[in-house]
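Novice: below are the sequence and a predicted model for it; my questions follow.
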Amino acid sequence: MVPKVEKSKALELYLEQFKRLENGAGGPEWLRPVRQAAMARSSELGFPTVRDEDWKFTNLTPLSKKAFAPAAAETKLSLDDLAGFVFRGQESARLVFVNGRYEPELSDSCAQPGGVLACSLRQSLELQPELVKLHLAKYLDYEHDFFGALNTAFVEDGGFVYVPDRVVVERPIHLIYVSTETPSPAVTHPRNLIIVGEAGEGAVVEEYVSQGGEEYFTNAVTEIVAGPSAVLEHYRVQRESRRAFNVGTVRVQQSRSSNVSCHGVHLGGGLVRNNVHPVLAGEGAECLINGVFLPAGKQHIDNFMRVEHASPHCDSRQFYNGILNDSASGVFSGRIIVHKEAQKTDAKQTNRNLLLTDEAQMDSKPQLEIYADDVKCTHGATIGQLDDDAIFYLRARGVPEDTARTLLLFGFAAENLERMRQAPIRDYVESLVTEWLPHGEVLKKLR
Amino acid sequence: MLEIKNLHVNVEGKKILKGLNLTVNAGEVHSIMGPNGSGKSTLASVLAGRGGYEITDGEVLYKGRDLLELEPEERACEGVFLAFQYPVEIPGVGSIQFLTAALNAVRQHRGLEELDALDALRLFKEKVKALHVSDELLGRSVNEGFSGGEKKKNEIFQMAVLEPTLAILDETDSGLDIDALRVVAEGVNALRSPERGFLVITHYQRLLNYIVPDFVHVLVDGRIVRSGDKKLALHLEEYGYAWAGDRDPAEAAAS
Ligand SMILES: Nc1ncnc2c1ncn2[C@@H]1O[C@H](COP(=O)(O)OP(=O)(O)OP(=O)(O)O)[C@@H](O)[C@H]1O
Ligand SMILES: [Mg+2]
C-alpha cells in the first residue's frame, strides 16, 4: 500500500529526464524493462518523508525541492588534481569518474582475459555481459527503496570489479567519484557492481570527493556479491563538499562462509544518508560493519544499517562511532533482522557518539527483529562527552588540555580505524581524521 | 618544597579535609596512612589539580608558589606527579603516543629539547628495562585491559620517565604481589635524591619495609592526628587507627 504522494518538483524533473533518455533505452536490451520498472516504482514511492519510520530523523525537503540535472560532459581534470586522493603504486587498479562519467585518461583499469576485471560498468557489458546480467539489480530492493529505484532507472555507469574464483587481489582497487564545478546543480547515479568468486579475495575503496563542486547530488548504489568463502574488504570514504547531498547504498549478498567488511568513513556532505545492507544468505557467513562519521558545521549524517541474517551460524558485527561538532546532527539506526531459519546467529552492534558542543545532536536507534529462537544478539549505544577522568589523567602527566582532548578524540576513532586491515587506506583515513580533529596537528608530532 | 597549611576541602558540600598541615622538604619521604574515607585520595587529587574540589580555607605552597592556582598540566610540568589509586584506561590512545606527548610537554617546560619519536622510544625502552617491567605495555593502549598490578607498574614507569620533583603515590601498593611491590619500591628508591620529595599513601606497613620513610603521618577524618618516624607505621599495624586518634597519655597530662 503506497499512500498517494504529491510529486515533488525534483521527482517531476527526474521523470522528464528519464523520458529524454528514451525511457531507458540505452545499453543492453534486458536492462530496459528493469529501468522502466524502477522509474515507475520511484514515481509511485516518491521522496520519503519524516513520517516514514526509516526516515524519521532526516528531512529530505531540501533535496526534493531542488532541481538537479545530469552534468554536461566536459572535464579538465588531470591526475595531478587527484594527487590528494590517489595511492600511487599502492592500488591494483584505479577507476576515476568525473561528474558520474568514466574517465579512461585518469584511470588505470585492469582487464586480464579470464582474470581480474576492474573497469567501468559500461565496459563490463562488453567484457562480461553474462555476469553483469546475472547480478546487476538483482539484490537491491528497488521495490521499497526510492533512491535505489531512482539509481536503477538511471543506471549508466559506475565501477565493475570481478575477482574470479580462488584469485587473491592484494592491493586495493580504487574507485574515485569526483564532482567538479558545473553550471547548474548536478546529479549523478553511480552504480557499482562488485563480484568476488568462490574463495576469491580483494579490497575495494569507493571514494567520493569534490574538486570544485559545491551543491550537487550523488545517489550511489553498490551491489556486492560474495561467493562461497570469498573475502572482501569494502571501504566507502565520503568527502563530498559540505553543501552536497549524498545518498549511498551498499547492498551485500553473502554466500556460505564468506567474509565481508563494510567500512565507512564519512567526513563530507551537507545531507548524507549512508545505507549498508548485508544479507547473510549462506551458512557461516560473517560480516563486519565498521565506520566513523564526523559531521561539523550544519552537516547531517544519517547511518542506516540493516543486517539480515537469513542462514544459520552467521556472525555480524557493527561498530559505528560518531564525533559531532558545532551544530551537526547524526543518526544511527541499526536494524538486525534474524529470519526464522537463521539459528545460532551471533549479532552484535555498538554505536558510540561524542558530542563536542551543546548544539550537536545525535539520534541512535537499535532495532531487533528476531524470528529464530536460538540466537545471540546484543546492542549498545552511548551518546556523551569525553571522559573527564581520562582528560585529567593526561593533564596530570603534563599534556595540555587541548592536546589531551585531541588525543582522546583520535583514540575514540582509532578503535574503528584499527579494524581497517588495508594499511595504505588505514593510514590515509588516519590522516583525514587527524586533519578533521580540532588541534589535529599536534598528533603529527606523535607518530 | 611542599607546604600545606590549614587545608580545608569540601566535595559536593561535604567537608573532607578539615585543617590539614604538612610540610615535605626536598629529600624527604613522607608516608600517609589512614582508614578508608579519611581523605587521603582527596589530598592527592587536590595536589594534582583534579576538578570538583572546593578549597574553603588554607593554602598549599610548592617551591614557594601557590600550587592551587596552577592548571594540572602546569603542576606536572613543574614536577608534581601523582600515581593514581585507580589509573584510567584509555582505549585507542597508544602508550607511546601518550607518553611522548607528556614527556615533551614536560621537557619543553623545563627548557630541554623535545625528543623525536625515535629518541623517545629509546628512552622508554631503557626505563622499562631498568624497572624490570615488560616492554609489552608500550605496544598497548594506555592501561587498556591491564591487570591491577600492570596498571600500578605503569604508573611507576611513567614516573621514571617524567622524573618528577614531588611524587605522590596513592596506594600504589594495594593489591600487589611481592614482585610487583618490589618494582614499585625500586622505582621510587631509584628516584630518591636530595632534590626530590615523596608522599607515599598506603594502608600497609609492608611497603614501608622497601621504601623507608623519614616521616609517617596518620590521617583520620580529614586531619593529621599523629606524626612520627617509621616506627609509627609498625604501631599502627599492631593497634589500628583508633589508637592513633587518641591523645597520647603523656600529652594529655601535659595539657
Ligand atoms: N567525588 C566525590 N563525591 C562525593 N564524595 C566523595 C567524592 N570523592 C570522595 N568523596 C568522599 O570523600 C571522603 C574521602 O574520600 P577519599 O577518597 O579521599 O578517601 P581515602 O582516604 O582515599 O579512602 P581509601 O582508603 O578508601 O582510598 C569519602 O567519604 C568519600 O566518600
Ligand atoms: Mg584513596
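Specialist: Everything's here; your move. Ligands and ions are numbered 1, 2, ... in the order given.
Novice: now do the SS call for the most centrally placed residue in chain B.
Specialist: The structure's chain B has its C-alpha centroid closest to B:Ile168; by Cα atoms, centre = their mean the separation is 1.6 Å. Under DSSP: H, G, I helix; E, B strand; the rest coil, B:Ile168 falls in the strand class.
Novice: is it true that it touches B:Gly49?
Specialist: No: look at B:Ile168 against B:Gly49 with Cβ atoms under 8 Å: they stay out of range, at 11.5 Å. Every C-beta, even on glycine, is put in place using the N, C-alpha and C of the backbone.
Novice: helices along chain A, start to end?
Specialist: Using DSSP state H, the helices assigned to chain A run over residues A:9-20, A:31-45, A:61-64, A:121-127, A:129-135, A:146-153, A:388-395, A:401-417, A:423-436, A:441-444.
Novice: export those helices as JSON lines, with columns for mean neighbour count.
Specialist: Shown next, in JSON lines, are the helices of chain A (neighbours: other Cβ atoms under 10 Å in any protein chain shown):
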{"stretch": "helix A:9-20", "mean neighbour count": "15"}
{"stretch": "helix A:31-45", "mean neighbour count": "19"}
{"stretch": "helix A:61-64", "mean neighbour count": "15"}
{"stretch": "helix A:121-127", "mean neighbour count": "17"}
{"stretch": "helix A:129-135", "mean neighbour count": "15"}
{"stretch": "helix A:146-153", "mean neighbour count": "26"}
{"stretch": "helix A:388-395", "mean neighbour count": "21"}
{"stretch": "helix A:401-417", "mean neighbour count": "22"}
{"stretch": "helix A:423-436", "mean neighbour count": "18"}
{"stretch": "helix A:441-444", "mean neighbour count": "16"}
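Novice: in a markdown table, list the ones you listed along with mean pLDDT and distance to B:Ile201.
Specialist: Formatted as a markdown table, those follow (pLDDT from 0 to 100; distance: least, Cβ to Cβ, whole Å):
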| stretch | mean pLDDT | distance to B:Ile201 |
| --- | --- | --- |
| helix A:9-20 | 89 | 68 |
| helix A:31-45 | 95 | 67 |
| helix A:61-64 | 93 | 59 |
| helix A:121-127 | 94 | 69 |
| helix A:129-135 | 96 | 67 |
| helix A:146-153 | 97 | 61 |
| helix A:388-395 | 98 | 18 |
| helix A:401-417 | 96 | 25 |
| helix A:423-436 | 93 | 39 |
| helix A:441-444 | 87 | 33 |
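Novice: low-confidence regions, the chain specifically.
Specialist: No chain was given, so I picked chain A. Chain A contains residues with pLDDT under 70 at A:1-6, A:86, A:88, A:447.
Novice: correction: the question concerned chain B.
Specialist: For chain B (pLDDT under 70), the answer is B:245-255.
Novice: what's opposite B:Asp66 in the beta bridge?
Specialist: B:Asp66 has these beta-bridge partners by DSSP bridges: B:Leu61.
Novice: tally of neighbours for it?
Specialist: Neighbour count for B:Asp66, taken as other Cβ atoms under 10 Å in any protein chain shown: 10.
Novice: taking chain B, what residue is nearest to chain A?
Specialist: Nearest residue of chain B to chain A: B:Gly92, at 2.9 Å (Cβ to the nearest Cβ).
Novice: residues contacting the residue of chain A found nearest chain B?
Specialist: Residue nearest to chain B within chain A (Cβ to the nearest Cβ): A:Gly411, separated by 2.9 Å. Shown in contact with A:Gly411 (Cβ atoms under 8 Å, 6 or more residues apart in numbering or on different chains): B:Ile90, B:Pro91, B:Gly92, B:Val93, B:Ser141.
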